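Enquirer: Turn this into a structure:
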Amino acid sequence: MALHSANDHPITPQSSSQVQNWINNGVSWNSSKEHQDSMSLQEKGWQVKVCWKDEFIGNHCIGIGTFAEEDISEGTVLRIGIFGSNMVIYNSEKNAPNVAVHGTMEYLLNYSGACPCNVAAGGEDLIFFLPGCGVNHSPNANCKLVCTVNGVCLVATRDIKNGTVLGFDYNSFGTAPEWYKKMLRDNLGTDTCVFPGLNDYV
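Expert: Residues are numbered from 1 along each chain as shown. Below you'll find the predicted structure:
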């Protein structure tokens, strides 16, 4: 499979209205929970039942996490991401959203990552789901990203019991590209983000 590139998956009038609106106008919700609740699981590409609620490590709440609401078998596709439908691939020049909107930049800081083919090949394009999966970092991950021809899927890496929080290893994102870090610094004053070495949890 060829390396995923924003040039090969441009935002067009045929892209979903959600993607087009987000690129042009940015964040229109007040919280990630509100954004999650604005669409059905099917509309978001989820293939299994999940819910969003506070996730704790010990007594410390680390924010909203994603929890299984059914037993899930290893290898199950949890969520299907399709470029232009519920997923965007972008760089500094192609498919770049409206960075003048503060909430948009916060979203890119928290939800941008690199797909496996870009990590393996040293590519610098980034992806994000709309809405974000809400899966927090875990060193004991139970899901991972898998590239497809037209997007990226979230796949279970082992059996997951009903009620279990989903966890993803942010170390798999590789290195944050310089253009992305500069974009964050220029618009937010920081390049703290989900990439390894740029946060306090990986």
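Enquirer: ranges for the strands of this structure?
Expert: 50-57, 60-68, 77-82, 87-90, 126-129, 136-137, 143-148, 151-156, 167-168 (DSSP state E).
Enquirer: so where's this protein shaky on pLDDT?
Expert: Within the chain, the stretches with pLDDT under 70 are 1.
Enquirer: and if we set it to 80?
Expert: Counting by pLDDT under 80, the chain contains low-confidence ranges at 1-2, 32, 200-202.
Enquirer: that older thread, most neighbours per residue, which of the strands of the chain?
Expert: Mean neighbours per residue, mean count of other CB atoms under 10 Å, is largest over the strands of the chain for strand 87-90, with a mean of 24. Every residue, glycine included, has its C-beta placed from N, CA and C.
Enquirer: which outside residues touch it?
Expert: The contact list for strand 87-90 (CB atoms under 8 Å, 6 or more residues apart in numbering) reads 4-6, 9, 11, 19, 22-23, 81, 83, 95-97, 115, 125-130, 151-152.
Enquirer: How far does it sit from its chain's centre?
Expert: 10 Å (CA atoms, centre = their mean, to the nearest Å).
Enquirer: Ok, stretch 103-121 next?
Expert: 7 Å.
Enquirer: how about it: buried residues?
Expert: 104-109, 111-119 (16 or more other CB atoms under 10 Å).
Enquirer: and what of stretch 160-176?
Expert: 160, 165, 166, 167, 168, 169, 170, 173, 174, 176.
Enquirer: And for stretch 17-36?
Expert: Buried, per 16+ other CB under 10 Å, within stretch 17-36: 18, 19, 22, 23, 26, 27, 32, 35, 36.
Enquirer: how much space between residue 89 and residue 20?
Expert: 15 Å (CB to CB, to the nearest Å).
Enquirer: that older thread, and the buried residues of stretch 103-121, which two are the farthest apart?
Expert: 106 and 117 (26.7 Å; CB to CB).
Enquirer: that older thread, let's see which of the buried residues of stretch 17-36 end up in helices.
Expert: Mapping the buried residues of stretch 17-36 onto helices (DSSP state H) picks out 18, 19, 22, 23, 32, 35, 36.
Enquirer: gap between the residue lying farthest from the centre of the chain and residue 81?
Expert: Of all residues in the chain, residue 59 has its C-alpha farthest from the mean position, at 26.0 Å, by CA atoms, centre = their mean. Between residue 59 and residue 81 the computed distance is 34 Å (CB to CB).
Enquirer: likewise residue 190?
Expert: 27 Å.
Enquirer: In this structure residue 78 contacts residue 157, no?
Expert: No: Residue 78 lies out of contact with residue 157 (CB atoms under 8 Å); the separation is 10.2 Å.
Enquirer: any common contacting residues for these two?
Expert: Among the neighbours of residue 78, those also in contact with residue 157 (CB under 8 Å, 6+ apart) are residue 143.
Enquirer: before we move on, the earlier item: wait, which of the strands of the chain is closest to residue 196?
Expert: Comparing those by CB to CB, strand 136-137 comes nearest, at 9.5 Å.
Enquirer: Not counting its own residues, what contacts that closest one?
Expert: 55, 62-63, 65-66, 165, 167-170, 194, 201-202.
Enquirer: export the residues you listed to a markdown table and tack on distance to residue 180?
Expert: Compiled in a markdown table, these are given as follows (distance: CB to CB, whole Å):
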| residue | distance to residue 180 |
| --- | --- |
| 55 | 26 |
| 62 | 23 |
| 63 | 22 |
| 65 | 24 |
| 66 | 24 |
| 165 | 27 |
| 167 | 23 |
| 168 | 19 |
| 169 | 19 |
| 170 | 14 |
| 194 | 11 |
| 201 | 19 |
| 202 | 16 |
